[in-house]
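Q: Kindly return the folded structure for what I paste below:
(one chain, ligands or ions: 1)
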Amino acid sequence: MCGIVGFTGKRQAAPVLLDGLSKLEYRGYDSAGLAIRDGTDPVQIVKAKGRLKVLEEKTDGGHALSGTCGIGHTRWATHGEPSEQNAHPHCSDDGNVVGVHNGIIENYAQLKEHLMKRGYEFCSETDTEVIPNLIAHYYFADKGPAEERFLRATQRACKRLEGSYAIEVLCSETPDQMIVVRKSSPLVIGIGYKENYIASDIPAILSYTKDFYLLNDQEYAVITRENITFYDEQLHPFEKKYQRIDWDATAAEKNGYPDFMLKEMYEQPSTVRETIGTRVTAGAPTQVDGLDFTAAQLQNLHQIYIIGCGTAMHAGLAAKPMFEHLTHIPTQVDVASEFRYRDPLVDDRTLCIFISQSGETADTIAALRLAKAAGAATLAVSNVIGSSITREADYTVYTHAGPEIAVASTKAYTAQVVLLAVLAIHFAELLGLGAGVAADLKADLLELPSLIEETLKCAPQVKAFADKIHRETDVFFIGRGSDYTTSLEASLKLKEISYIHSEAYPSGELKHGPIALIEKGTTVIGTITDPALVDKSVSNLKEVITRGAKVLVVTNRDVRASDIDTLIRVPETHPLLAPAVSILPYQLLSYYIAKQNGLDVD
Ligand code: GLU
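A: Numbers count the residues shown, from 1 in each chain. The predicted model follows:
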């Protein structure tokens, strides 16, 4: 995820681009860059590591760069640490093609190798840099007018790209022209009078125009200050209707959603898809970049620790049965602030996995240092490239959830659960264990993005239940096995976002005390997804229903019990992956209760 902007017109481009980027900074903020051109003069590129203000200072608010056409980018690194070198725009080796990119090029390593064999040199660690080089490669292999060659070269390059992209490119031989194309990453074109704009999202340019073309996947647009021409995947020109957008600027920044939290929850189908990426393919071994673990190293392990705080620790709990089931290595989950102060039994035959969305969680960093000092192998799971835990751990794997702005972690959690599942499968494959389970899990992982999309359709039902219970002061969540993990995470969301006291219990523990608190009208929320535990879980529900509890059940089974207030059906997936699906109604529940109570969810 990142923000991209483009402009061509009569006025100076750089200040317009910086203004647009400032409204897209929520999409990416580890580095930023501009490429500006003035007629046939060489393109000027300026980049800076850090927040956009560093680039603004470096270019004197854009006034240091003269030119009426340009592109800009604010990055959220996925390949290569945040640095000036890795910041976009990237330029082809010969300097002819300059581009910015949002997304991930999954086959970049093969393309890079292919181009390097042909003498192309690369100066960044990004996946993106293959794009301008491929375009330049095809451009020079072609004949005809420069404008036509540039478009054909862009199309030929895109045909080679696997993954997701929104791309904006300039060619030094076609002044005043920009080409854009997208696949699974957003891109819009704003229409002005004798000037045109490009942006990842509408808000970046909403103060300049209200008229937009919304580009679809695999559509190309060639943009000059006077014209916008659209081409389909085969480069047949076509007409497109523009749309008038009447959002106000704040709504637009959230892409039309009222809050970042809601927007981020609805991003989960794509963030889970991005996190699985090319790591998992049916019928082929799992590929995990950044993890060159050998079978011998794994065989030497006698335990795995998964360590994190809050939601990240819950992702660890969701993963524990995956690791134990698939690798047969005893796996413990610990809270970082406990682990670091209790002299844990870790040694050089322990693998410690540290989970932190930001990679900057102080307790997690301290726990990592302690584990490292004790000789354990350390593996970081983070959403932020180059963050502290990723620099200190022996190995790192990244979730690709994009920046999480809302205070409650939603999309990072599902991405973490999914990534840990990928790791557990990968380890099992290396160890030569659990081939059947691993194959089933892989098939279900690949289906997960569409299951998540389907699950989110329960929102109206969840909202109706939220309307009933938003004034409660105590809520109980119950579940067994991985449904208990979901209960813990659901309870955390409710406390954190809705400010309602809640407790999560393993269902079987109810009778050992807490059931005394269940009385007529008490809200009890049960999760039932594990087929092996349905009957037991239903009995526990009956215990609370008998005491008059108001019950919500989230389940993917055929649960039958009378007097259930609300039953939310979620799609069935592999029991080990259920936490990535069954948590969604609870994320929505905490959101809707908070909204009902007039709270700021972000
Ligand atoms: N994959 C690209 C990179 O790491 C683009 C990331 C983004 O969308 O910001 O540079």
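
Q: got the residues of the protein near the ligand?
A: Residues of the chain lying near the ligand by Cβ under 6 Å from any ligand atom: 1-2, 28, 75-80, 101-104, 126-128. C-beta here means a position set from N, CA and C on the backbone, and glycine is covered the same way.

Q: one more time with 8 Å
A: With Cβ under 8 Å from any ligand atom as the criterion, the chain meets the ligand at residues 1-2, 27-28, 73-80, 86-88, 101-105, 124, 126-128, 185, 385, 402.

Q: Would you mark the buried spots in stretch 81-99?
A: By neighbour count with 16 or more other Cβ atoms under 10 Å, stretch 81-99 contains the buried residues 81-84, 86-93, 96-99.

Q: got it, and stretch 135-142?
A: Buried residues in stretch 135-142, counted by 16+ other Cβ under 10 Å: I135, A136, H137, Y138, Y139.

Q: can you list these in CSV and add pLDDT, secondary structure and distance to L567?
A: Shown next, in CSV, are the buried residues of stretch 135-142 (pLDDT from 0 to 100; DSSP: H, G, I helix; E, B strand; the rest coil; distance: Cβ to Cβ, whole Å):
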residue, pLDDT, secondary structure, distance to L567
I135, 98, helix, 54
A136, 97, helix, 58
H137, 96, helix, 57
Y138, 97, helix, 56
Y139, 97, helix, 59
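
Q: Return the member of those nearest to the ligand.
A: Of all the buried residues of stretch 135-142, the ligand sits closest to I135, with 16.1 Å by Cβ to the nearest ligand atom.

Q: per-residue confidence for A251?
A: Per-residue pLDDT puts A251 at 56.

Q: Next secondary structure after the strand or helix carrying E168?
A: According to DSSP states H and E, E168 maps onto strand 163-171. Later in the chain than strand 163-171, the nearest helix or strand by DSSP H and E is strand 178-183.

Q: got the angle for that following strand vs strand 163-171?
A: 170 degrees (axes from the mean of the first three to the mean of the last three Cα atoms, to 10 degrees).

Q: can you give me the helices for the stretch 351-500 of the chain?
A: 362-373, 388-392, 411-431, 435-455, 459-469, 482-498 (DSSP state H, counting those that start in this stretch).

Q: Could you single out the most deeply buried of those?
A: helix 411-431 (a mean of 26; mean count of other Cβ atoms under 10 Å).

Q: Which elements pack onto that one?
A: If contacts are counted by 3 or more Cβ pairs under 8 Å, 6 or more residues apart in numbering; DSSP states H and E, helix 411-431 sits against helix 268-276, helix 295-299, helix 311-327, strand 350-356, strand 377-382, strand 395-398, helix 435-455, helix 578-582.

Q: Format these as a markdown table; extra columns: mean pLDDT and distance to A13.
A: As requested, those are exported to a markdown table (pLDDT from 0 to 100; distance: least, Cβ to Cβ, whole Å):
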| stretch | mean pLDDT | distance to A13 |
| --- | --- | --- |
| helix 268-276 | 93 | 30 |
| helix 295-299 | 93 | 52 |
| helix 311-327 | 97 | 41 |
| strand 350-356 | 98 | 38 |
| strand 377-382 | 96 | 35 |
| strand 395-398 | 94 | 33 |
| helix 435-455 | 92 | 37 |
| helix 578-582 | 97 | 43 |
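
Q: Compare those and give me the one nearest V288.
A: strand 395-398 (6.0 Å; Cβ to Cβ).

Q: from the chain's centre, how far out does the closest one sit?
A: 15 Å (Cα atoms, centre = their mean, to the nearest Å).

Q: quick one: the residue of the stretch 451-600 of the chain found nearest the ligand from T573, how far?
A: Of all residues in the stretch 451-600 of the chain, I452 sits closest to the ligand, at 21.0 Å by Cβ to the nearest ligand atom. According to Cβ to Cβ, to the nearest Å, I452 and T573 sit 10 Å apart.

Q: Just the closest residue of the chain to the ligand, please.
A: C2 (2.7 Å).

Q: Need the per-residue pLDDT for that residue.
A: 83.

Q: residues near it, how many?
A: For C2, the neighbour count with other Cβ atoms under 10 Å is 29.

Q: excluding its backbone neighbours, what's nearest it?
A: Excluding its sequence neighbours, the residue lying closest to C2 (Cβ to Cβ, 6 or more residues apart in numbering) is G28, at 3.6 Å.

Q: From what I see, that neighbour and V5 are in contact.
A: No - contact criterion Cβ atoms under 8 Å: G28 and V5 do not qualify, at 11.9 Å.

Q: more neighbours, those two?
A: V5 (30 against 26).

Q: On the strand side of things, show who that one bridges to.
A: G72, A199 (DSSP bridges).

Q: What are the phi and psi values at the residue nearest to C2?
A: Backbone torsions for G28, taken as degrees, to the nearest 10, come to phi 180, psi 140.

Q: Check the one 4 residues further on too.
A: For A32, the backbone dihedrals (degrees, to the nearest 10) come out as phi -150, psi 160.

Q: ok, how many other residues are close to it?
A: 32.

Q: I'd assumed T74 was in a strand, is it?
A: Yes - assessed with DSSP: H, G, I helix; E, B strand; the rest coil, T74 lies in a strand.

Q: So what's the residue count around it?
A: Neighbours around T74, by other Cβ under 10 Å: 32.

Q: Go through the residues of the chain next to the ligand and flag which are in strands.
A: H73, T74, R75, H101, N102, G103, I104, I105 (DSSP state E).

Q: For T390, see how far away the third one is.
A: Think R75. 16 Å.

Q: Next: the last one.
A: Per Cβ to Cβ, I105 is found 21 Å from T390.

Q: Run through the residues that contact L488.
A: H314, L317, F477, A504 (Cβ atoms under 8 Å, 6 or more residues apart in numbering).

Q: how far away is the nearest residue to the third one once chain neighbours are set aside from L441?
A: Meaning F477. Take F477 and drop its neighbours on the chain: the residue closest to it by Cβ to Cβ, 6+ apart is S487, 3.7 Å away. Per Cβ to Cβ, S487 is found 22 Å from L441.

Q: on that earlier part again, anything in contact with each of I452 and T573?
A: Common neighbours of I452 and T573 (Cβ under 8 Å, 6+ apart) are A580, V581.

Q: Grab the most central residue of the chain for me.
A: A401 (1.3 Å; Cα atoms, centre = their mean).

Q: Where does the prediction get shaky in the stretch 101-250 of the chain?
A: 246-250 (pLDDT under 70).

Q: Look up the residues forming beta bridges with T396.
A: A380.

Q: wait, it sits on T390?
A: Yes - T396 is within contact range of T390, at 4.2 Å (criterion: Cβ under 8 Å).

Q: Isn't the residue nearest to F477 up against S502?
A: No - the pair S487 / S502 is not scored as a contact, 9.2 Å apart, by Cβ under 8 Å.

Q: shared neighbours of the two, anything?
A: Residues touching both S487 and S502 by Cβ under 8 Å, 6+ apart: F477.

Q: Would you list the phi and psi of S31?
A: phi -170, psi 170.

Q: give me every residue that touches the closest residue to it other than its chain neighbours.
A: Sequence neighbours aside, A87 is the residue nearest to S31 in space, at 3.7 Å (criterion: Cβ to Cβ, 6+ apart). Applying Cβ under 8 Å, 6+ apart, we find A87 in contact with S31, A32, G33, K47, A48, K49, H73, R75.

Q: For the fourth one, which non-adjacent residue is closest in space?
A: In this case it means K47. That would be G33: by Cβ to Cβ, 6+ apart, it lies 3.5 Å from K47.
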